[in-house]
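Participant: Structure, please.
(chains A, B, C and D)
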Number of protein chains: 2
Amino acid sequence: MIDKNSPIPIYYQLEEKIKTQIDQGELQPGDMLPSEREYASQYAISRMTVRQAITKLVNDGYVYRKKGTGTFVSAKKIDQPLQGLTSFTEDMKARGMVATNRLIHFKVISPPLSVTKALNIDSSTPVYEIQRVRLADGLPMALETTYISKHLIPNITEKLLEQSLYDYVENSLGKEIGEGTQIIESSTVNQNEITHLNVKKGSPVLLIERHTYLKDGTPLELVKSSYRADRYRFMINMQR
Amino acid sequence: MIDKNSPIPIYYQLEEKIKTQIDQGELQPGDMLPSEREYASQYAISRMTVRQAITKLVNDGYVYRKKGTGTFVSAKKIDQPLQGLTSFTEDMKARGMVATNRLIHFKVISPPLSVTKALNIDSSTPVYEIQRVRLADGLPMALETTYISKHLIPNITEKLLEQSLYDYVENSLGKEIGEGTQIIESSTVNQNEITHLNVKKGSPVLLIERHTYLKDGTPLELVKSSYRADRYRFMINMQR
DNA sequence: GAGTGGTCTAGACCACCCC
DNA sequence: GGGTGGTCTAGACCACTCC
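Facilitator: As a prediction, this is how the structure comes out:
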């Protein structure tokens, strides 16, 4: 079950194995896992390696430890919120919908103050301003404006915008996306949103402002979105 | 600097030490940390112990690792969002405000279906229903309704509600709070909210539904809140 | 080639929990 | 007292980066 000669790390093999057992119900919520020493002797590996696997499962909320007692499978949650930072395309896919775009404008601008602060650049740095209607299964879901420094990604084309930008940054440019900070507010639609989202005056929208950073802390993008409140809700999981 | 005889774990001492150096600017964003082997020899501790400290800093976003190169201090974020699951009282304190309550009603009910599902109980289990206006610096911030199984916390009193419930659960009952799932939506106020939040008809509100769980996965509470959009915004940080 | 983080070992002692 | 997780050691080899 564990291949010591595989290039896949042992701790990762064990982690996936236990995760599968939980997903398939072999290990039920509340069940105690074999002890760390049992895993170690069963697979003839070190206990520290077992701990490395289990620590990741603890961090991901699959199991929890009780000092002096054992490690147990956590109870399943009703709704499984999205894990981690995702693009609109990835988010919709996770919800079982297909994401498409309608480009409203795509230009290079001299950034206003709010954008220079967010991207940590000065006002002489050219910035892409990309405004799109984001659709899910063909219906307008959000109006989104993205700001990215042209120096960071010199070759954005309209063609490129049809794919996932995160995918391009990570797999074609080889830059690693680290984290994102999101500010979530409630508001009612403005005239621009009424037009593009096809809703009535006074309708509520969820405003999400996202600041995305690369692993080294460089700001990647600033995204301001207005989501239709009747079609979208945001779900997150937080650890105490 | 590192006290090996202290009951405080060595990895934690080192973690706090590095964190302090970052906070105080001794280690600037982009700076490379001493290598793991350097820390180990400097403090005469094992490299695995150093790794344990640094791994926590990586998970908390203070530093990042680059394979074959080194460990570096992450860039500072503009806004520092709230870390982890917090109560309203704790949340307001972090924002530099003082939280108070205005109790609207406090009763034991036979729970409706939505509550039984969230708390994983049946309809014969008595449940507290606590509705409060939450104030920050004396101004209405949110209208909040909390549902908790009476079996889980048998002795809730009006007096108790003036303190932090999380604090009571953790420190007086000795139950450990694990995580919470939050569903965030945008809406406009209903009549009840107009009255208690003192806002105009048509005003936007941020609806937050929180499901809180103990470490063993037992549902602790279901909280439905309506926050005044002009006074509250929600901020989170997500890892890729 | 020298230095870095990534993985792994085979032990050890401790505090804690349950019987 | 026996089992559990929590912490820690003193090494080891690997892949990777940079020069």
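
Participant: does the residue nearest the centre of chain A count as helix, strand or coil?
Facilitator: In chain A, the centroid-proximal residue (C-alpha atoms, centre = their mean) is residue A:85; its distance is 1.9 Å. Secondary structure state of residue A:85, per DSSP: H, G, I helix; E, B strand; the rest coil, is coil.

Participant: what does the helix or strand of chain A with the lowest mean pLDDT rub up against?
Facilitator: Least confident helix or strand, chain A: helix A:165-167 with a mean of 82, by mean pLDDT, DSSP states H and E. By C-beta atoms under 8 Å, 6 or more residues apart in numbering or on different chains, the surrounding residues in contact with helix A:165-167 are A:86, A:87, A:90, A:146, A:177, A:221. All C-beta spots, glycine's among them, are computed from the backbone N, C-alpha and C.

Participant: Buried residues, that helix. List them.
Facilitator: Across helix A:165-167, burial judged by 16 or more other C-beta atoms under 10 Å in any protein chain shown covers A:165, A:166.

Participant: what do you get for stretch A:176-186?
Facilitator: Across stretch A:176-186, burial judged by 16+ other C-beta under 10 Å covers A:177, A:178, A:179, A:180, A:181, A:182, A:183, A:184, A:185, A:186.

Participant: quick revisit: with residue A:176 as the reference, measure out to the residue nearest to the centre of chain A.
Facilitator: Distance from residue A:85 to residue A:176, counting by C-beta to C-beta, to the nearest Å: 12 Å.

Participant: shared neighbours of those two, which are they?
Facilitator: Taking C-beta under 8 Å, 6+ apart as the contact rule, residue A:85 and residue A:176 both touch residue B:240.

Participant: Per-residue pLDDT of the most far-flung residue of chain A relative to its centre, please?
Facilitator: Among residues of chain A, the one most distant from the C-alpha centroid is residue A:41; the distance is 37.1 Å, by C-alpha atoms, centre = their mean. On pLDDT, residue A:41 comes in at 94.

Participant: Also residue A:46?
Facilitator: Residue A:46 carries a pLDDT value of 96.

Participant: sec struct for the closest residue in space to it that isn't next to it in sequence, please.
Facilitator: Distances taken as C-beta to C-beta, 6 or more residues apart in numbering or on different chains place residue A:40 nearest to residue A:46, at 6.2 Å, with adjacent residues excluded. Here residue A:40 is recorded as helix under three-state DSSP.

Participant: ok, and for the helix or strand where residue A:192 lies, which residues are buried?
Facilitator: Take DSSP states H and E as the rule and residue A:192 turns out to sit in helix A:191-197. Using 16+ other C-beta under 10 Å as the test for burial, helix A:191-197 gives A:193, A:196, A:197.

Participant: Run me through the strand neighbours of the helix or strand following that helix, direction for each.
Facilitator: Per DSSP H and E, the first helix or strand lying C-terminal to helix A:191-197 is strand A:204-214. Here strand A:204-214 has these sheet partners by DSSP bridges: strand A:177-188 (antiparallel), strand A:219-228 (antiparallel).

Participant: ranges for the helices of chain A?
Facilitator: Using DSSP state H, the helices of chain A run over residues A:10-23, A:36-43, A:47-59, A:88-94, A:113-119, A:165-167, A:191-197.

Participant: Dump the ones you listed to JSON lines, plus distance to residue B:140.
Facilitator: Converted to JSON lines, the helices of chain A look like this (distance: least, C-beta to C-beta, whole Å):
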{"stretch": "helix A:10-23", "distance to residue B:140": "44"}
{"stretch": "helix A:36-43", "distance to residue B:140": "51"}
{"stretch": "helix A:47-59", "distance to residue B:140": "38"}
{"stretch": "helix A:88-94", "distance to residue B:140": "33"}
{"stretch": "helix A:113-119", "distance to residue B:140": "29"}
{"stretch": "helix A:165-167", "distance to residue B:140": "40"}
{"stretch": "helix A:191-197", "distance to residue B:140": "27"}
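
Participant: Lowest average pLDDT across those?
Facilitator: When these are compared on mean pLDDT, helix A:165-167 scores lowest, with a mean of 82.

Participant: roughly how far out does that helix sit from the chain middle?
Facilitator: 11 Å (C-alpha atoms, centre = their mean, to the nearest Å).

Participant: Equivalent analysis for stretch A:140-148, please.
Facilitator: Using C-alpha atoms, centre = their mean, the offset of stretch A:140-148 from its chain centre is 16 Å.

Participant: do you know how far the residue lying closest to residue A:111 once chain neighbours are set aside is from residue A:153?
Facilitator: Spatial nearest neighbour of residue A:111, excluding adjacent residues (C-beta to C-beta, 6+ apart): residue A:127 at 4.2 Å. As defined by C-beta to C-beta, residue A:127 lies at a distance of 11 Å from residue A:153.
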